[in-house]
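Enquirer: this one's structure only:
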């Protein structure tokens, strides 16, 4: 197809990949912003505010719940506002939310009547408990703003991908911008704790505050670039006729699938979308698996600290987390697998994606061995979690592309938001239960499969993570066994 277009229309521009790079950058910033807390709470924030695992678990759980609810509205908002304005609003709100974390310490001091961080750290008894509760509420407030904005990232990015790429390239394009999540998580451990430690050493707060501000400011830089770089393909002067023809190559097939009398694409309401099994299959796939990724994202630094005793700013912890997310970079090839399957077998995009997703669902089963092998070396769980993370990102790139395959453009962001809500609910459940489980395991010296205390708690969660993808795939396949695109009457 590519060669035919170039022969008839001349050399094709490739501006769609520039847009994809912008989506990659936005997703990287998105994950950096949400990682600042997970990489500073254990060693910088918890001593200052007297947090327990339950406090942190509650904060991340509320973030996930708000993210889930906001996803429901973010998709509709992006469909209504359009990708350009919708994306600007989303990243503007989440960047503001990221920066707001920095004033939580000052707000807590003001409410409790304490003068500085040193006095908070030395507090005991009822005062320490008041500090913990008050600070948790302030962090939850900042987290709510962050979650509300971040919910718009994937609905907007998926809609842009549907606008700028033909169906056969969408999974690969999605895997590229989705790799921004991995790069953000990869850059976080080598940048955030050192930033916090540096600002702490020069006496600017307790260090963690400026880490939130510096990372949060990156979103405002992205906004400036997006305002000048993005236009829809047919309006963009950087997209020539050959590239536009390549982007719109599915248009003829889509028109043939429509009824002859249909002149323009009708819009589906949210409630109309819920009538289709395809929407519920996507939501189930997200619900079963998103919580796994968020657990790894939010709890891996604490796991390394709790089980192996390495603080987040130690060289060993930074190396371990860096290697973990470096392994997940393999996911960039996950979006290519359906294309390979299509070229070799001639299967339709949905069948090829489901076959690829089944393969990716098998790798997380290795997580069953993470904790047992961790008794020999901390490298075993880190490598296994990295492989599971790569499988998740490959799964994620393909499940997002299923929406573009099945639904008309006018409903893509709405369905993506619906699935994001389901994924956010699963993250709420796993983060809240994990925090309370780990505190309970430590307090009661709980035993499970030969492990005791917090390691036993982590092993339970690892077992849940291991089987989530295979179970999710089976339910999706049962709901939508064959390719069936939605045709609006």
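Expert: That came through fine. Source: prediction; values computed, not measured.

Enquirer: Contacts only, for residue 130.
Expert: By Cβ atoms under 8 Å, 6 or more residues apart in numbering, residue 130 lies in contact with residue 112. Bear in mind the C-beta positions are built from the backbone N, C-alpha and C, glycine included.

Enquirer: Pull out the buried positions in the helix or strand harbouring it.
Expert: Using DSSP states H and E, the element containing residue 130 is helix 125-150. In terms of neighbour count (16 or more other Cβ atoms under 10 Å), helix 125-150 has its buried residues at 127, 130-132, 134-136, 138-150.

Enquirer: what ranges do the helices span in the stretch 1-150 of the chain?
Expert: With DSSP state H, counting those that start in this stretch as the criterion, the stretch 1-150 of the chain has helices at 2-9, 15-40, 46-49, 53-81, 83-100, 104-112, 117-121, 125-150.

Enquirer: I'd like those helices as TSV, with distance to residue 402 and mean pLDDT appended.
Expert: Formatted as TSV, the helices of the stretch 1-150 of the chain follow (distance: least, Cβ to Cβ, whole Å; pLDDT from 0 to 100):
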stretch	distance to residue 402	mean pLDDT
helix 2-9	24	54
helix 15-40	18	91
helix 46-49	40	90
helix 53-81	15	86
helix 83-100	20	93
helix 104-112	39	91
helix 117-121	48	83
helix 125-150	22	93
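
Enquirer: of all the ones you listed, which lies closest to residue 316?
Expert: Judged by Cβ to Cβ, the one of the helices of the stretch 1-150 of the chain that comes nearest to residue 316 is helix 15-40, at 14.4 Å.

Enquirer: so what secondary structure elements neighbour that closest one?
Expert: Here helix 15-40 is seen to pack against helix 53-81, helix 83-100, helix 125-150, helix 153-164, helix 167-201, helix 208-229, helix 241-247, helix 277-308 when contacts are counted using 3 or more Cβ pairs under 8 Å, 6 or more residues apart in numbering; DSSP states H and E.

Enquirer: go again using 7 Å as the cut-off
Expert: helix 83-100, helix 125-150, helix 153-164, helix 167-201, helix 208-229, helix 241-247, helix 277-308 (3 or more Cβ pairs under 7 Å, 6 or more residues apart in numbering; DSSP states H and E).

Enquirer: What are the buried residues along the last one?
Expert: Neighbour-count burial for helix 277-308 flags 278-308 (criterion: 16+ other Cβ under 10 Å).

Enquirer: One more: the fifth one?
Expert: The neighbour-count check on helix 208-229 (16+ other Cβ under 10 Å) flags 208-216, 218-219, 222-223, 226 as buried.

Enquirer: of all those, which comes closest to residue 404?
Expert: Among the buried residues of helix 208-229, and counting by Cβ to Cβ, the member closest to residue 404 is residue 226, at 21.0 Å.

Enquirer: Surely the closest one is in contact with residue 22?
Expert: Yes: the criterion here is Cβ atoms under 7 Å, and residue 226 meets it with residue 22 at 6.4 Å.
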